[in-house]
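1. With the input below, show me the fold.
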Amino acid sequence: MRLPLSALIGLTFTSAFVFIAVFAHLIAPYPIDLSVGKVWEGPSAEYWLGTDTIGRDILSRLIYGAQITIFVALAASVLSFSLGAFFGFLAAVKGGWIDQLLSRGVDLMMAIPALIVALVLLSVLPLNLTVLILVIGVLDSTRVFRLSRAVAADIAVMDYVEAAKLRGEGGVWVIFREILPNALSPLVAEFGLRFIFAILFISTLSFLGLGIQPPLADWGGMVKENKDGLIYGKAAALLPAGAIAALAISVNLVADWVLTRTSSLKGGRGG
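-> Just a heads-up that it's a prediction; the model follows:
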């Protein structure tokens, strides 16, 4: 199989980010919160990307930031898809009052901007990784619910689904054995988009002071910590911003390739 250039680039960069996140403790030259030099030193042989606002090694914090950012975003995305896809499929299969109850509940949640809800919740809840993952995952599950319900509603009227119901199969069987395998193509592409959204959401919350808390580091928090350096011509805030952009683009390239490939495979089987 010959990979398109865009998919190859996306896979290469995504794999590199994941490798760095997994082995951050082995790769980072310095501890995450240790001041090792002067404030905002430029790149050198000792500090490859320079130092930040209190003299910490930027490269080390970028590496540890990749670990925290990717872990939290991935966990939140898995949670949002587990909740959104299950209840979206359930609403499409059951219909009636269950569909109405779930759909109107999701409409109510989506009526308020997710960032505002997250800021309110995180201002009163303990600020830790578990709470952050739960808040982002639950809020983002509403988008997954809408997509999953729309996709499942089209699949639920197919002959093979009706045949499964006539055989006496229960709702769980229909969801996991009939609908889910045939809904993977759009869901995989949506997972990539939701993962990117989670990264941007986490970075936004950290920039506002309600995301990842010190001594842990994430890329959004690093932008906040070093933003004042831009006034003095220091690029310390641009490096984590560039990392966010690079990860978002690479994941999006992979998601587009997966969507194209799964769609073409389905088309081949259908013919």
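
2. Quick check: buried residues in the helix ranked longest in the chain?
-> Determined from DSSP state H, the single longest helix within the chain is helix 58-94. Buried residues in helix 58-94, counting neighbours by 16 or more other Cβ atoms under 10 Å, are found at 58-81, 83-94. Backbone N, C-alpha and C define where each C-beta goes, glycine included.

3. now do stretch 237-249
-> 237, 239, 240, 241, 243, 244, 247, 248, 249.

4. Can you name the element that comes right after the lowest-mean-pLDDT helix or strand in the chain?
-> Using mean pLDDT, DSSP states H and E, the weakest-scoring helix or strand in the chain turns out to be helix 171-173, at a mean of 72. As assigned by DSSP states H and E, the chain's next helix or strand after helix 171-173 is helix 180-207.

5. any idea of the angle the helix or strand just after that following helix forms with helix 180-207?
-> Once the chain leaves helix 180-207, the next helix or strand it forms, by DSSP H and E, is helix 219-226. On the basis of axes from the mean of the first three to the mean of the last three Cα atoms, to 10 degrees, helix 219-226 is oriented at 10 degrees to helix 180-207.

6. quick revisit: what helices or strands is the longest helix of the chain leaning on?
-> Applying 3 or more Cβ pairs under 8 Å, 6 or more residues apart in numbering; DSSP states H and E, we find helix 58-94 packed against helix 5-22, helix 24-27, helix 96-110, helix 129-155, helix 171-173, helix 180-207, helix 219-226, helix 238-270.

7. which of the ones you listed sits most buried?
-> The highest average neighbour count among the helices and strands packed on helix 58-94, using mean count of other Cβ atoms under 10 Å, belongs to helix 219-226 at a mean of 24.

8. Any chance you could list what contacts it?
-> The contact list for helix 219-226, computed with Cβ atoms under 8 Å, 6 or more residues apart in numbering, reads 52-53, 58, 61-62, 65-66, 69, 202-209, 211-212, 214, 234, 236-237, 239-241, 243-244.

9. and if you look at stretch 30-48?
-> 49-61, 64, 214-217, 229, 232, 234, 236.

10. buried residues in that stretch?
-> Neighbour-count burial for stretch 30-48 [16+ other Cβ under 10 Å]: 30, 32, 37, 40, 41, 47.

11. Now the terminal residues of it, how far apart.
-> Stretch 30-48 stretches 12 Å from its first residue to its last (Cα to Cα, to the nearest Å).

12. how far is it from where the chain is centred?
-> Computed by Cα atoms, centre = their mean, to the nearest Å, the chain-centroid distance of stretch 30-48 equals 29 Å.
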